[in-house]
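J.: build me a model:
(one chain, ligands or ions: 2)
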Amino acid sequence: MTQETGGFAAFNLNPNILAAVTATGYEEPSAIQQQSIPIIMAGHDMIGQAQTGTGKTAAFALPILHRIDPAKREPQALILAPTRELALQVATAFETYAKQMPGVTVVAVYGGAPMGPQLKAIRNGAQIVVATPGRLCDHLRRDEKVLATVNHLVLDEADEMLKLGFMDDLEVIFKALPATRQTVLFSATLPQSIRAIAERHLRDPQHVKIQTKTQTVTAIEQAHLLVHADQKTSAVLSLLEVEDFDALIMFVRTKQATLDLASALEAKGYKAAALNGDIAQNQRERVIDSLKDGRLDIVVATDVAARGLDVPRITHVFNVDMPYDPESYVHRIGRTGRAGREGRALLLVTPRERRMLQVIERVTGQKVAEVRLPDAQAVLDARIKKLTNSLSPLVAEAESTHGDLLDRLTADIGCSPRALAAALLRKATNGQALNLAAIEKERPLVPNNAPRGDRPERSGDRPERSDRERRAPMPLGEGRARCRTALGARDGIAAKNLLGAILNEGGLAREAIGRIQVRDSFSLVELPEDGLEKLLTKLKDTRVAGKQLKLRRYRED
Ligand code: ADP
Ligand code: MG
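T.: Ligands and ions are numbered 1, 2, ... in the order given. This next block holds a predicted model:
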């Protein structure tokens, strides 16, 4: 991320590739991408050294796609990966980046699946073959010519392949490829065995190394929280309850994630806004000014958009998505602890990102302590503390300004001061849960359920969207309109809550309400088209689970 503007456009990649990259939401190339893409596009051999999570896949996939000829239906690029899982991940990434390149197909070749269909896909002209070395050698034993047309070879995670004992297989594969091919090798480490391979099989390779310099970050207290990718929003909301912050910046990887998370925070009543590269410069400045003067408390940003941001009010940095490298971690958390103040930085870590956490600890020379999600008691204590803090300054004076009114109201209503104070509290807290049972019910996350790596992680890595959310809604019933609310499962909503609220407040018959689909961050409800506007007005102030329903007509386009 060394470039000021232009992002991926500056590489002059095939426009169809650029369009697909833009569609994934990547804003700026990561450091390894910035340096590797031009070298590979130019046809050079290359050795790339960078840690996990730095974006190596796109660093080779984009320039390789640029260099193949989609019109030629034969294998042109071979990517070797150590495991079946990694091969599948790389193949999926290629498919994503090649989405707008008609005629380009990708085949994944790995053990444990029948060989026939794999061979058929290769012979049918898949231009990109992603394979584990062992299985590929099985294919070569059946047909040694199968790779004869490959002119780009990538060894991904070369050190891991050697650790898994694939040395001999690699030699067999090198021999089966044309000597004129381009060869690119990526590895987190470069032990002697890897250097020897490079010596023998790469021609005049260029070296790219993403440095991991030691950096110090003293005034900032750091912690991390283990969480599954699809629970990040809930985790962030829980943490916000107990963290005592003034202003806060959250970092995510994509533009879409800035928008999704900012609107989830707004829905919870936080003064939050998104900051990303799509937002015009003058608007960005307005967001930063608002953060400075307290009209906003939370900004959800991508790295690019937050560059140079200096707001002394910032007490907290949440790294909701992992940074690409330790430098950008240090850079991100440097947004807090400005001007000698103390700051706090929290990092969300998914199971497969734990290695990156270790790298960060090594590079910063500091242990990043683990914290757990607050439990219901902690949330309750924090809410009561906030209430106490907001009321205690008023107590002294309010009696003289509002004491007489209190007497009058208790007399008029015919209730005790305690009953009236309770009513006022209920009004002032706006339906917020203020006892343990109610808090437990509203929290979709069980505290301390931090993943230990025993559950497979959701694929896709797209922040803030579970698989369920990506599914298209069901077809609409006749005479019905689909309506949407921003309340979903993560707000503790179930279909029966929505049904109950709409039946009670809307005065509808049960049959009038169609399907209700509750997703993680929103819900869809089918209502009668006839009289819909009236109904929505009627439901205007309806609350479910303590939150405003805000049902709107939903247009799918
Ligand atoms: P590595 O192979 O170095 O471990 P990956 O290629 O698997 O890393 O990338 C890690 C994650 O970062 C993936 O979820 C990928 O989609 C995402 N990613 C890669 N490049 C970018 C980018 N330029 N902007 C945003 N996200 C990116
Ligand atoms: Mg990788």
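
J.: tell me which element the closest residue to residue 367 other than its chain neighbours is part of?
T.: The shortest distance from residue 367 to any non-neighbouring residue, by CB to CB, 6 or more residues apart in numbering, is to residue 361 (5.9 Å). Bear in mind the C-beta positions are built from the backbone N, C-alpha and C, glycine included. Residue 361 is located in helix 354-364, with elements delineated by DSSP states H and E.

J.: try residue 162
T.: helix 158-163.

J.: can I get that helix in CSV, CA atoms only?
T.: Taking C-alpha atoms only, helix 158-163 is exported to CSV below (Å, rounded to 0.1, in the frame of the first residue of the first chain):
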residue,chain,number,x,y,z
ALA,A,158,7.0,-23.3,-1.1
ASP,A,159,8.4,-23.8,2.4
GLU,A,160,5.2,-25.6,3.4
MET,A,161,5.5,-27.9,0.4
LEU,A,162,9.0,-28.9,1.3
LYS,A,163,7.9,-29.5,5.0
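
J.: going forward, count from 25.
T.: Noted, 25 is the first residue going forward, which turns the last one into helix 182-187.

J.: report whether that helix contacts ligand 1.
T.: No - if you take CB under 6 Å from any ligand atom as the test, helix 182-187 misses ligand 1, and the best it gets is 11.0 Å.

J.: what sits up against stretch 306-322?
T.: 269-274, 286, 289, 294-297, 299, 303, 323, 329, 333, 335, 337-338 (CB atoms under 8 Å, 6 or more residues apart in numbering).

J.: what parts of the stretch 225-374 of the chain come near ligand 1?
T.: Going by CB under 6 Å from any ligand atom, the residues of the stretch 225-374 of the chain near ligand 1 are 277, 278.

J.: pick out the residue of the stretch 225-374 of the chain closest to ligand 1.
T.: The minimum distance from the stretch 225-374 of the chain to ligand 1, using CB to the nearest ligand atom, falls at residue 277 (4.3 Å).

J.: what about that residue, neighbour count?
T.: Residues lying near residue 277 (other CB atoms under 10 Å) number 23.

J.: which residues does it contact?
T.: Applying CB under 8 Å, 6+ apart to residue 277 gives the contacts 49, 50, 326, 345, 346, 487.

J.: in strands, which of these fall?
T.: The members of the contacts of residue 277 all map outside strands under DSSP state E.

J.: report the distance from stretch 221-233 to the chain centre.
T.: Taking CA atoms, centre = their mean, to the nearest Å, one finds the center of stretch 221-233 at 34 Å from the center of the full chain.

J.: same check, this time on stretch 156-167
T.: That offset, for stretch 156-167, works out to 36 Å (CA atoms, centre = their mean).

J.: so which bits of it are buried?
T.: Neighbour-count burial for stretch 156-167, with 16 or more other CB atoms under 10 Å as criterion, is recorded at 156, 157, 158, 159, 160, 161, 163, 164.

J.: excluding covalently adjacent residues, which one is nearest to the last one?
T.: In this structure, residue 164 finds its nearest non-sequential neighbour in residue 200, 5.3 Å apart by CB to CB, 6+ apart.

J.: surely that neighbour meets residue 166?
T.: No - look at residue 200 against residue 166 with CB atoms under 8 Å: they stay out of range, at 11.9 Å.

J.: ok so, going back, return the helix holding residue 385 as PDB; C-alpha atoms alone will do.
T.: Listed next in PDB are the C-alpha coordinates belonging to helix 378-388 (Å, rounded to 0.1, in the frame of the first residue of the first chain):
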ATOM      1  CA  ARG A 378      -3.400 -16.600  14.500                       C
ATOM      2  CA  ARG A 379      -0.100 -16.800  12.800                       C
ATOM      3  CA  MET A 380      -0.300 -13.200  11.800                       C
ATOM      4  CA  LEU A 381      -0.900 -12.300  15.400                       C
ATOM      5  CA  GLN A 382       2.300 -14.000  16.300                       C
ATOM      6  CA  VAL A 383       4.100 -12.100  13.700                       C
ATOM      7  CA  ILE A 384       2.700  -8.800  15.000                       C
ATOM      8  CA  GLU A 385       3.800  -9.700  18.500                       C
ATOM      9  CA  ARG A 386       7.300 -10.500  17.300                       C
ATOM     10  CA  VAL A 387       7.600  -7.400  15.200                       C
ATOM     11  CA  THR A 388       6.300  -5.000  17.900                       C
END
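
J.: what mean pLDDT does that helix get?
T.: For helix 378-388, the mean pLDDT works out to 87.

J.: what pLDDT is listed against the closest residue in space to residue 276 that isn't next to it in sequence?
T.: Nearest-residue entry for residue 276: residue 345, 4.6 Å, with adjacent residues in sequence omitted and distances by CB to CB, 6+ apart. Note for residue 345: predicted pLDDT of 96.

J.: neighbours around residue 345, how many?
T.: By other CB under 10 Å, neighbour count at residue 345 equals 24.

J.: then residue 439?
T.: For residue 439, the count of nearby residues is 14 (other CB under 10 Å).

J.: how much space between residue 555 and residue 354?
T.: 58 Å (CB to CB, to the nearest Å).

J.: test my guess that residue 265 contacts residue 407.
T.: Yes - Residue 265 is in contact with residue 407 according to CB under 8 Å; the separation is 7.0 Å.

J.: least trustworthy helix or strand in the protein by mean pLDDT?
T.: When the helices and strands of the chain are scored by mean pLDDT, DSSP states H and E, helix 491-494 comes last with a mean of 36.

J.: can you tell me the strand partners of the very next helix or strand once past that one and which way each runs?
T.: Heading C-terminal from helix 491-494, the first helix or strand you meet, by DSSP H and E, is strand 504-509. If you go by DSSP bridges, strand 504-509 pairs up with strand 547-552 (antiparallel), strand 576-577 (antiparallel).

J.: so which of these comes closest to ligand 1?
T.: strand 547-552 (27.5 Å).

J.: run the chain-centre distance for that closest one.
T.: That offset, for strand 547-552, works out to 28 Å (CA atoms, centre = their mean).

J.: average pLDDT across it?
T.: The predicted model assigns strand 547-552 a mean pLDDT of 88.

J.: which residues are in contact with that strand?
T.: Residues contacting strand 547-552 (CB under 8 Å, 6+ apart): 497, 500-501, 503-509, 511-512, 517, 519, 522, 526, 532, 536-541, 559, 575, 578.

J.: flag every buried residue along the helix or strand just after that strand.
T.: Once strand 547-552 ends, the next helix or strand along the chain (criterion: DSSP H and E) is helix 556-562. Judged by neighbour count using 16+ other CB under 10 Å, the buried positions of helix 556-562 are 559, 560.

J.: list of residues touching helix 556-562?
T.: In contact with helix 556-562 (CB under 8 Å, 6+ apart) are residues 505, 507, 529, 530, 531, 532, 551, 552, 575, 576, 577.

J.: apply 6 Å and report the result again.
T.: The contact list for helix 556-562, computed with CB atoms under 6 Å, 6 or more residues apart in numbering, reads 505, 530, 575.

J.: counting neighbours, which of these comes out on top?
T.: Going by other CB under 10 Å, residue 575 tops these with 25 neighbours.

J.: in contact with that one, which residues?
T.: Applying CB under 6 Å, 6+ apart, the residues near residue 575 are 507, 509, 560, 563.

J.: now for the helix holding residue 385, which elements pack on it?
T.: helix 350-357 (3 or more CB pairs under 6 Å, 6 or more residues apart in numbering; DSSP states H and E).
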